[in-house]
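S.K.: Could you work out the structure for the sequence below:
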Amino acid sequence: MPEDALDARFDRLRQDLRQDIQASAWALREEMQSTAAALRQDFQASAAELRQDFRQDIQASAAELRQDFRREIQASATETRRHFEVVAESLRSDIQVVAEGLSMLDEKVERFRDEVHQEFGKVDRRFLRLDARIAVLERR
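M.R.: As a prediction, the model looks like this:
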């Protein structure tokens, strides 16, 4: 096979591999973004539902016991708010952990891309050496 044809095949192979790697990286990024968006939506829906349930419970209790247990309801509401704030802070921490994980995953993908690039460089050098050997052998 002529050297130009080999070079063309190797160039095409290199391009195909780069495109595959880039496509995989983009798909992974899109999947991570989609997952992060879904987590945000789930968190927002859960928070809205918790707020709604919380409001309904307080209103029902307040209507039944307002006159007799006003102090007890206020103390309970304060305690519940503190608990909700703790839960919300915990969720914020969880979301931060997910965001950090996504960032680390992005870094891993970048490192992988760099490694693949280096390996392509090694393969290119090997092919050049082989081309040189073939050229020497063909001249004999």
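S.K.: Run through this protein and note the low-pLDDT ranges.
M.R.: Where the chain drops to pLDDT under 70, the residues are 1, 69-70.
S.K.: which residues in the chain form helices?
M.R.: 3-139 (DSSP state H).
S.K.: Centroid-wise, who is the farthest residue in it?
M.R.: Within the chain, Arg140 marks the point farthest from the mean C-alpha position, 56.4 Å out by CA atoms, centre = their mean.
S.K.: ok, that residue to Arg133 distance?
M.R.: According to CB to CB, to the nearest Å, Arg140 stands 11 Å off from Arg133. For the C-beta atoms, the positions are set from N, CA and C on the backbone; glycine is no exception.
S.K.: What of Ala5?
M.R.: Look at Ala5 and Arg133: by CB to CB, they are 17 Å apart.
S.K.: so how many other residues sit close to Ala77?
M.R.: 15 (other CB atoms under 10 Å).
S.K.: what residues are up against it?
M.R.: The contact partners of Ala77, taken as CB atoms under 8 Å, 6 or more residues apart in numbering, are Ile58.
S.K.: Mind doing that once more with 10 Å?
M.R.: Ala77 sits next to Phe54, Asp57, Ile58, Ser61, Ala62 when contact means CB atoms under 10 Å, 6 or more residues apart in numbering.
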